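A.B. asks: my questions are about this predicted structure, shown below with the sequence.
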Amino acid sequence: MMHRALIALTVSALAITGSTACATKKYVNTKVGDVDGKVTTLSGDVEKNQQRINEVDQKAGAAGDAARAADARAAAAGEAAGAARSAADSAGSKADAIDKNGRRLVYEVVLNEAKGGFKFNKTELPDDAKAALDKVITDLQADPKGVYFEIEGHTDSRGDTRYNEQLGMKRAEAVKRYLYETHQVPLHKINVISYGEDKPVADNKTKEGRAENRRIVVRLLS
């Protein structure tokens, strides 16, 4: 009787062991399947992300190429503009030379600060400069309408280059206005130009030199 009970217990134990083993294997297989699914999903996500990265890299490369092309076009445009300015300056110089060669210099006067000309950063025509212009007209001993006036505006080198060019032009225009309003010189007989700080006649490093460079040059051509 005891022998039969022992056999029955042994068989039951084997059955339980076998059932547990089957359940454990099934659980492991299920988990492994889940992990494989997640790995597959992650692999797909990684591949998609890599594709997006490649697309972004391609777009960035294309943008870089476009930017470099734009820079090249801008540089070419700048060179073309510089060449055009040079050509215009050259043409203007030739025209001036032709005009001057066809005329005879009759009189020249320089109005600088040392001779009662313009003070630093001023455009109003001083009384001494007006008196000098009056003398020019008197010395002509002829109708001023029969000559051509060329007026140059100059400054010292202090301040901005563009500002100095504008300042020189305002000074030249002040002389033009005085000749027209006071001596009735026809406007079409008066030409004004500003050289700003580009044509100094003295050293801009000294006070005296700067005073000489702040000047108006009036030339009378017949």
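C.D. replies: Nice, I can see it. Numbers count the residues shown, from 1 in each chain.

A.B. asks: contacts, neighbours, all on C-alpha from now
C.D. replies: Will do.

A.B. asks: what domains does the record give for this protein?
C.D. replies: Per the record's domain assignment (automatic domain parsing), the chain is made up of the domains 1-102, 104-221.

A.B. asks: rank those by mean pLDDT and give me the bottom one.
C.D. replies: With a mean of 60, domain 1-102 has the lowest mean pLDDT of the domains of the chain.

A.B. asks: please tell me how far residue 147 sits from residue 162.
C.D. replies: For residue 147, the distance to residue 162 (CA to CA, to the nearest Å) stands at 31 Å.

A.B. asks: and the host helix or strand of residue 217, what does it pack against?
C.D. replies: Assigned by DSSP states H and E, residue 217 falls within strand 215-221. On a contact count with 3 or more CA pairs under 8 Å, 6 or more residues apart in numbering; DSSP states H and E, strand 215-221 meets strand 105-112, strand 148-154.

A.B. asks: can you add mean neighbour count and distance to residue 132 and give those back as a markdown table?
C.D. replies: What follows is these, written out as a markdown table (neighbours: other CA atoms under 10 Å; distance: least, CA to CA, whole Å):
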| stretch | mean neighbour count | distance to residue 132 |
| --- | --- | --- |
| strand 105-112 | 16 | 8 |
| strand 148-154 | 25 | 14 |
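
A.B. asks: please report how far the closest residue to residue 162 other than its chain neighbours lies from residue 182.
C.D. replies: Excluding its sequence neighbours, the residue lying closest to residue 162 (CA to CA, 6 or more residues apart in numbering) is residue 196, at 7.9 Å. In this view, residue 196 and residue 182 are 26 Å apart by CA to CA.

A.B. asks: what does residue 111 give?
C.D. replies: Residue 111 is 18 Å from residue 182, by CA to CA.

A.B. asks: ok, back up a step: tilt between the strand holding residue 217 and strand 148-154?
C.D. replies: Strand 215-221 runs at 160 degrees relative to strand 148-154, counting by axes from the mean of the first three to the mean of the last three CA atoms, to 10 degrees.

A.B. asks: neighbouring strands - and their directions - for strand 215-221?
C.D. replies: Using DSSP bridges, the strands paired with strand 215-221 are strand 105-112 (antiparallel), strand 148-154 (antiparallel).
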